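> from the sequence below, what's the structure:
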Amino acid sequence: MKELNPLNIIKTAIFTALSVSLFILFPSVNASAAEADPYTIISSFASAGGKNILAVSADSLPGTYSTITEAAAAAKEGDVIYIYPGEYEESLDLRTKELIFFGEDRDACIIKFETVRYTSPVLNVSAGTFSNLTLYGYKDSDTELSADVIGMTEDTVDDNFSGYVIHIDDDYEYGRSLVFNNCNIISENNNCIGLGFRDRFSVSFENCLLRSTGTAGILYVHDPEDLIGAKSDMKLAFRNCIWENFGYPYVICAKSIHTTNRVEVTFQNVTSYCYATNLSDLYSPGNAFSGFDIRLQIQLPQVFGSTPISIRADKKVSEYLRELRTQTIRMKPGIYFINEKRSSAKDPDALPTTVTVYYINNAYDLPGDGWVGSNAFYLTEESADNTLDEMNYHINN
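Numbers count the residues shown, from 1 in each chain. As a prediction, the model looks like this:
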């Protein structure tokens, strides 16, 4: 990902997903209008809706801001920020304002930051809409964090955890919504997304590519921490997305804090590429996951589901991951089970826990009645057509 280069800001072809994004931002736009210059269209519809439009250009175009941070600071609630192609080296803190961000081309509008520290995500946000952007948390150093939670404080968190690409965990979320459409979300450090819910909050990812090659997976999510009444009007959705997880076996870590909370989760047409392994030090014995053990799916696929599993053996995990990340081996959706043989292990297949790509982190490690054993997350009936069977509603009911 480090080799990404911005395209020329004067483009003769409008990107493929422009019309889809415009329909989401401005439902009244028609198909013929979507063929015109994107800035002109968005500017006219923003003005019609009483919103201002502020433009950002890395190449100092006349009348534009040079950074997204400056434009966001100048914008008012509900305003539109139009981003011209370029690379923007910024860690954005947008937790107290609901804005619309629109990139001219998702592969050429790149917001990036070296997210080796927890307090420096690419995007810290609570509400709004983000379309046609690449959000990239890169790693340029050999820094490896210890992840020693014992004795950790706010002052020492950066010494223990790397940063997400997108961090969503603030009280400004209450009663609001957050949408990502047609975005690349790429992490070389922590999870692509770190999400802490609040009451009456919804977040959705539409037509997005999420790719993790760091020390965690695609999503870390938890329900609200406060105890003021049951929370039940919270929603999380991934639709028409691609997940590529070649950094850590758990593609999702779902933490349930209070059993009175309920978050509705929808997966629709999510195509996943991820890996599992027989190495015991990469799994948690406290996983409350209640679904299928990947090893049993390999042995009895007719009984345990139809998730595609490719078995890889007799290479180091690091070698296989390098091949998967660079796509030097033929890739199909599903799980790559890396059965590394280590001479020091008497029985390398004997693991202390279920082999799975989901980590269900419940209180007391006991399974609940929610999605794959969760106490707070429940799959909706709309969940279907996903390559990982357990994301499909019919498997869980």
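> could you tell me the phi and psi values at A363?
phi -60, psi 140 (degrees, to the nearest 10).
> surely it meets N261?
No. Using CB atoms under 8 Å, A363 and N261 do not qualify as a contacting pair, with a distance of 11.7 Å. For glycine as for every other residue, the C-beta is placed from the backbone atoms N, C-alpha and C.
> more neighbours: these two, which one.
Each of A363 and N261 has its neighbours counted (other CB atoms under 10 Å); N261 has more, 24 against 13.
> where does the more buried one land in three-state SS?
coil (DSSP: H, G, I helix; E, B strand; the rest coil).
> what does the pLDDT read for it?
With respect to pLDDT, N261 has a value of 92.
> T266 contacts L236, correct?
Yes. Judged on CB under 8 Å, T266 makes contact with L236 at a distance of 7.2 Å.
> which one's more surrounded, the two?
Ranked by neighbour count (other CB under 10 Å), T266 and L236 place L236 first, with 22 against 19.
> for this protein, give me the ranges with low pLDDT.
1-36, 45, 48, 141-159, 228-229, 342-352, 396-397 (pLDDT under 70).
> state the distance from S256 to N392.
21 Å (CB to CB, to the nearest Å).
> kindly apply the preceding question to F267 instead.
Distance from F267 to N392, by CB to CB: 7 Å.
> list residues touching both of the two?
Taking CB atoms under 8 Å, 6 or more residues apart in numbering as the criterion, F267 and N392 both touch 383, 386.
> between these two, who's got more neighbours?
F267 (25 against 21).
> bridged to that one, which residues?
Beta-bridge partners recorded for F267 (DSSP bridges): F238.
> wait, it sits on D389?
No. Counting by CB under 8 Å, F267 does not reach D389; the two are 10.9 Å apart.
> next one: stretch 292-310 to chain centre, how far?
The chain centroid and the centroid of stretch 292-310 are separated by 26 Å under CA atoms, centre = their mean, to the nearest Å.
> brain fart, stretch 291-298
Counting by CA atoms, centre = their mean, stretch 291-298 comes out at 25 Å from the chain centroid.
> restricting to C-alpha, output it in PDB.
C-alpha atoms of stretch 291-298 as PDB (Å, rounded to 0.1, in the frame of the first residue of the first chain):
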ATOM      1  CA  GLY A 291     -20.300 -21.700  16.400                       C
ATOM      2  CA  PHE A 292     -18.300 -24.100  14.300                       C
ATOM      3  CA  ASP A 293     -14.800 -25.200  14.900                       C
ATOM      4  CA  ILE A 294     -12.900 -24.700  11.600                       C
ATOM      5  CA  ARG A 295     -11.200 -28.100  12.000                       C
ATOM      6  CA  LEU A 296     -14.500 -29.800  12.200                       C
ATOM      7  CA  GLN A 297     -15.700 -28.000   9.100                       C
ATOM      8  CA  ILE A 298     -12.700 -29.400   7.300                       C
END
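> which parts of that stretch are buried?
291-295, 297-298 (16 or more other CB atoms under 10 Å).
> pull the residues that contact that stretch.
Taking CB under 8 Å, 6+ apart as the rule, stretch 291-298 contacts 276, 303-305, 307, 309, 311, 335, 337, 349, 354-358, 372-373, 389-390, 395-396.
> now swap in stretch 61-73 and tell me
With CB under 8 Å, 6+ apart, stretch 61-73 has contacts from 9, 54-58, 60, 74, 81, 83-84, 88, 90, 92, 94, 97, 99, 101, 111.
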